[in-house]
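> All I have is the shape, not the residue letters:
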């Protein structure tokens with residue numbers, strides 16, 4: 001079912017940036033600077049107050065996809081499978097309550113497919129044959145997602161790993177520079193952030209610092 005090498009997908013999870021127009025004043029500038037700083041993946045999540053729809057959303061998606069291509073960053077679309085298919089996005093991320101994973105895979109046979117997991121029970125009920133990676137969380141309280149599920153903390157990662165030792169996993173939800181080391185201490189492949197990048201003064205520099213700190217953290221933990 002899956003067409004992607006697990007190690008390649010794992011490497012994409014490193015610093016996974018999620019953003020849409022409601023999260024930042026200038027999404028083109030924010031994404032460009034984050035790409036220069038070294039993000040390993042980008043998810044276009046156009047939701048919330050003032051989010052674009054229809055042709056405007058598609059136009060923006062194409063522009064952001066172009067920026068990602070320029071920097072060699074995988075471009076993933078949140079929920080909108082039709083849009084992902086239409087513009088040839090690298091992947092799509094769907095929630096548990098969105099489209100059935102078999103349908104997503106049928107429609108996008110060569111794309112990366114990710115889904116969100118909030119509990120061991122959810123993992124057991126998810127058809128992982130159709131999925132390339134899972135987003136795990138929320139780790140902590142988050143302000144950017146109004147419908148966020150129950151906060152699980154980093155221990156959720158370990159519980160899920162016990163059930164599935166191999167699937168690429170990215171943690172999400174309220175992760176910042178003060179708590180990311182607790183997340184990386186668990187067997188996870190990367191962290192996904194929104195405001196931890198969008199609220200920075202100097203996005204390119206701070207993103208590069210994120211990457212450097214994460215690498216240090218991993219080296220320290222491996223000792």
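Thanks, I have the structure now. Please read these numbers as outputs of a predicted model, since none were measured by experiment.
> Identify the residues contacting the helix or strand containing residue 214?
In this assignment (DSSP states H and E), residue 214 forms part of helix 203-222. Residues outside helix 203-222 that contact it (CB atoms under 8 Å, 6 or more residues apart in numbering): 14-15, 17, 30, 33-34, 36-39, 177, 180-181, 184-185, 191, 193, 196-197, 200. To be clear about C-beta, it is placed using only N, CA and C from the backbone, and glycine gets the same treatment.
> List buried residues within the residues you listed.
Among those, those classed as buried by 16 or more other CB atoms under 10 Å are 14-15, 17, 30, 33-34, 37-39, 180-181, 184, 191, 193, 196-197, 200.
> Take those residues and keep only those in helices.
30, 33-34, 37, 180-181, 184, 196-197 (DSSP state H).
> Now residue 140: phi and psi?
Residue 140 adopts backbone torsions of phi -140, psi 180, taken as degrees, to the nearest 10.
> element containing the nearest residue to it once chain neighbours are set aside, please.
Spatial nearest neighbour of residue 140, chain neighbours left out: residue 174 (3.1 Å); criterion: CB to CB, 6 or more residues apart in numbering. For residue 174, there is no host helix or strand (DSSP H and E).
> What about residue 174, how many residues nearby?
Neighbour count for residue 174, taken as other CB atoms under 10 Å: 21.
> next one: phi and psi at it?
phi 70, psi 20.
> what sits against the closest residue to residue 47 other than its chain neighbours?
Among residues not flanking residue 47 along the chain, residue 20 sits closest, at 6.1 Å (CB to CB, 6+ apart). Each residue near residue 20 by CB under 8 Å, 6+ apart is listed here: 27, 44-48, 51, 78.
> for the chain, what spans make up the helices?
6-13, 27-37, 54-71, 81-87, 101-107, 120-124, 155-163, 180-184, 195-198, 203-222.
> Pull up the gap between the closest residue to residue 9 other than its chain neighbours and residue 161, please.
Sequence neighbours aside, residue 168 is the residue nearest to residue 9 in space, at 4.3 Å (criterion: CB to CB, 6+ apart). According to CB to CB, to the nearest Å, residue 168 stands 12 Å off from residue 161.
> Who has more neighbours out of the two?
Taking neighbours as other CB under 10 Å, residue 168 and residue 161 compare with residue 168 leading, 22 against 16.
> That one reaches residue 135, doesn't it?
No: using CB atoms under 8 Å, residue 168 is not in contact with residue 135, being 10.2 Å away.
> May I see the buried residues of the helix or strand bottoming out on mean pLDDT in the chain?
When each helix and strand of the chain is scored by mean pLDDT, DSSP states H and E, helix 203-222 comes last, with a mean of 90. Neighbour counts using 16+ other CB under 10 Å place 203, 206-208, 210-211, 214, 217 of helix 203-222 among the buried residues.
> Among the residues you listed, which one lies nearest to residue 114?
Ranked by distance to residue 114 (CB to CB), the buried residues of helix 203-222 are led by residue 214 at 19.6 Å.
> Can you tell me how far the closest one is from residue 121?
30 Å.
> and the closest residue to residue 170 other than its chain neighbours, what does it touch?
Once flanking residues are discounted, residue 170 sits nearest to residue 13: 4.2 Å by CB to CB, 6+ apart. By CB under 8 Å, 6+ apart, residue 13 lies in contact with 40-41, 133, 168-170, 188-190.
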